[in-house]
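Asker: quick one: sequence plus predicted model below, questions after.
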Amino acid sequence: MTEAERQQKAEALDRLAHWLDDRFNIPGTNIRFGLDGLLGLVPGVGDTASSLVSLYLVIEARRIGVSRLTITRMLFNVLLDWAIGLIPLLGDIFDIAYKANRRNIRLLKKHLARQNT
């Protein structure tokens, strides 16, 4: 995969993370949430469905060439988001606050920046 292809894929994954974690806001506040937070409102199934999409982001990061250590950190973020997301109400608040996909995109971008130096 060329550097341009890596960057293009990273930008697409960034857009996906935006939809999952930051797409909407609560009017009159700075609180942002995405489809992950909305799906989390559906007990059990919603958190699992959004975690599967989050895993897609991790799989694509691996295809880009992200290190195993970074992939492990990304998987931890997804697992934590999924596990706590299963807890009624607390999990919904956690989904909105933790933003596992945003964290994973930061890890991906940090990895790509290290590769380019």
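Answerer: Good, I have the coordinates.

Asker: in this structure, which spans are strands?
Answerer: According to DSSP state E, the chain carries its strands in the segments 24-25, 32-33.

Asker: for the last one, packing partners?
Answerer: Strand 32-33 is packed against strand 24-25, helix 90-98, with contacts defined by 3 or more C-beta pairs under 8 Å, 6 or more residues apart in numbering; DSSP states H and E. Where C-beta positions appear, they are placed from N, C-alpha and C, glycine not excepted.

Asker: mean confidence for the last one?
Answerer: Helix 90-98 shows a mean pLDDT of 92.

Asker: which outside residues touch that helix?
Answerer: Applying C-beta atoms under 8 Å, 6 or more residues apart in numbering, the contact partners of helix 90-98 are 31-33, 36-37, 40-41, 47, 50, 77, 80-81, 84-85, 87.

Asker: on that earlier part again, can you tell me which of the strands of the chain is nearest to residue 59?
Answerer: Evaluated over the strands of the chain, closeness to residue 59 peaks at strand 32-33, with 23.9 Å, by C-beta to C-beta.

Asker: who's in contact with the closest one?
Answerer: Strand 32-33 is contacted from outside by 21-26, 95-96, using C-beta under 8 Å, 6+ apart.

Asker: now, of those, which are buried?
Answerer: Neighbour-count burial (16 or more other C-beta atoms under 10 Å) is assigned, among the contacts of strand 32-33, to 21-23, 95-96.

Asker: between those, which sits nearest residue 71?
Answerer: Ranking those by separation from residue 71, with C-beta to C-beta as the measure, puts residue 21 on top at 19.1 Å.
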